[in-house]
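Engineer: this one's structure only:
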Ligand SMILES: C[S@@+](CC[C@H](N)C(=O)[O-])C[C@H]1O[C@@H](n2cnc3c(N)ncnc32)[C@H](O)[C@@H]1O
């Protein structure tokens, strides 16, 4: 495991499609994360979102970054970042394999101080970084879109730049965060009238962007 604090932020943000899942209920140790699968924290949501963001049949998508922010922590939130261009074998795309990777990355972050970063393996890094800080950083390179059932319909929308889509687990985004996101220029977009899982929104977003080959 190497620390690569030297990697410039801009170089970490080169993906053309970025997804951030804010998992407010998710614990930040590997053991607790796995214990909460199918329980109140519904940590399976993280694996489903990762799967739908990164994989297509018989391949994976290039130029996609996924940031999972796990916030139920006794010390710092953990931001796990997956870069599809650098990832090696994830051991499969089934729930157990992906949860294993997430748990492993969390365990690699044990004892880290505030706002440290560790490279866990190619394409996977962990940072003790808050959601607010992550989004501020992403806003420098990407237009932000908050997923909201009552937002502007995604259909027919033209995306310029490398869009970054902000999603939550089953706990809604706090009002205070929504105001901060607004100040960063984030736009609310909807993928349809039905309340879906974050992982299902990801499929629909990819599909819309695929139409225009963005
Ligand atoms: C299960 S939902 C969150 C439900 C949560 N109780 C709430 O009220 O926001 C998970 C994520 O999917 C997004 N989402 C679900 N359905 C959507 C839709 N039709 N359009 C846009 N975003 C949607 C939500 O905004 C949220 O980011």
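Structural biologist: That came through, no problem. Since this is a predicted model, take the numbers as computed values, not measurements.

Engineer: Below-threshold pLDDT in this structure: ranges please.
Structural biologist: 1-14, 214 (pLDDT under 70).

Engineer: Now do the SS call for the residue with the largest distance to the centre of it.
Structural biologist: Residue farthest from the centre of the chain, counting by CA atoms, centre = their mean, is residue 156 at 24.4 Å. Three-state assignment for residue 156 (DSSP: H, G, I helix; E, B strand; the rest coil): coil.

Engineer: Repeat that for the one 3 residues further on.
Structural biologist: Secondary structure state of residue 159, per three-state DSSP, is coil.

Engineer: how far away is it from residue 71?
Structural biologist: As judged by CB to CB, to the nearest Å, residue 159 and residue 71 stand 28 Å apart. Every residue, glycine included, has its C-beta placed from N, CA and C.

Engineer: So which bits of this structure are right by the ligand?
Structural biologist: Where the chain comes near the ligand, counting by CB under 6 Å from any ligand atom, the residues are 147-149, 167-168, 170, 172, 190-192, 194-198, 201.

Engineer: which of those count as buried?
Structural biologist: Using 16 or more other CB atoms under 10 Å as the burial test, those include 147-148, 167-168, 190-191, 196-198, 201 as buried.

Engineer: Residue 110 is in contact with residue 29, isn't it?
Structural biologist: Yes - applying CB atoms under 8 Å as the test, residue 110 and residue 29 come out as touching, 7.4 Å apart.
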